[in-house]
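>>> My questions concern the predicted model and sequence given below.
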Amino acid sequence: MDDAGRFSPQRTTGDAARLQRLRDEVNRLLDATQRLRGHLDPVFGEHCSIARLTPTEVVVMVDSAAWASRIRYLLPQIEQLFTDMGRCRATVKVASAVAASPPSRRHVLSADGRAALEAAARTVENPALQAVLKRIAKPGAGC
């Protein structure tokens, strides 16, 4: 379909070609991952896959930073494997699949919440608890 929502044979043909290239790339990465896993001890192999494969670079994606550390010790063997596969002197990089956590969002206390905390602070006998409640109730303190 074109931008106006009408059927466009040229666009469909282009989409099919792009989809086929994507399938070919996925199959190539899966094949390389299977070769890598076959080369490694099964304990290591189940935690890694190939994320990028070019003539000069191989990126091995692992489950966690702990597995990345372990796999880095095997880099000479992995580099030799890909050299033997025809990747002349491919640089092997290891990356962890764990995404960085987003920055925490600061919560803002509503006026009603602030009033409730201040009222609670006035009724509490424990001075330490009073101080904490008053500190939390201050504008800009956040939670």
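Done, it's in. Numbering: from 1, shown residues only.
>>> And the one helix or strand Val132 maps to, what does it pack against?
Val132 belongs to helix 127-137 when elements are defined using DSSP states H and E. Here helix 127-137 touches helix 111-123, going by 3 or more C-beta pairs under 8 Å, 6 or more residues apart in numbering; DSSP states H and E. Placement of C-beta: from N, CA and C, glycine included.
>>> what angle sits between the helix it packs on and helix 127-137?
With axes from the mean of the first three to the mean of the last three C-alpha atoms, to 10 degrees defining the directions, helix 111-123 sits at 160 degrees from helix 127-137.
>>> about what we covered before: for the helix holding Val132, which positions count as buried?
The neighbour-count check on helix 127-137 (16 or more other C-beta atoms under 10 Å) flags Leu133, Lys134, Ile136, Ala137 as buried.
>>> So what's the model's average confidence on it?
On average, the pLDDT along helix 127-137 is 87.
>>> go on, stretch 14-27?
Across stretch 14-27, pLDDT averages out at 88.
>>> Same check on stretch 44-58?
The pLDDT scores in stretch 44-58 average 87.
>>> what sits up against that stretch?
Contact with stretch 44-58 is made by 28-29, 32-33, 36-40, 59-64, 67, 70-71, 74, 78, 82, 87-93, 95, as judged by C-beta atoms under 8 Å, 6 or more residues apart in numbering.
>>> just checking, Ala51 is part of a strand?
Yes - per DSSP: H, G, I helix; E, B strand; the rest coil, Ala51 lies within a strand segment.
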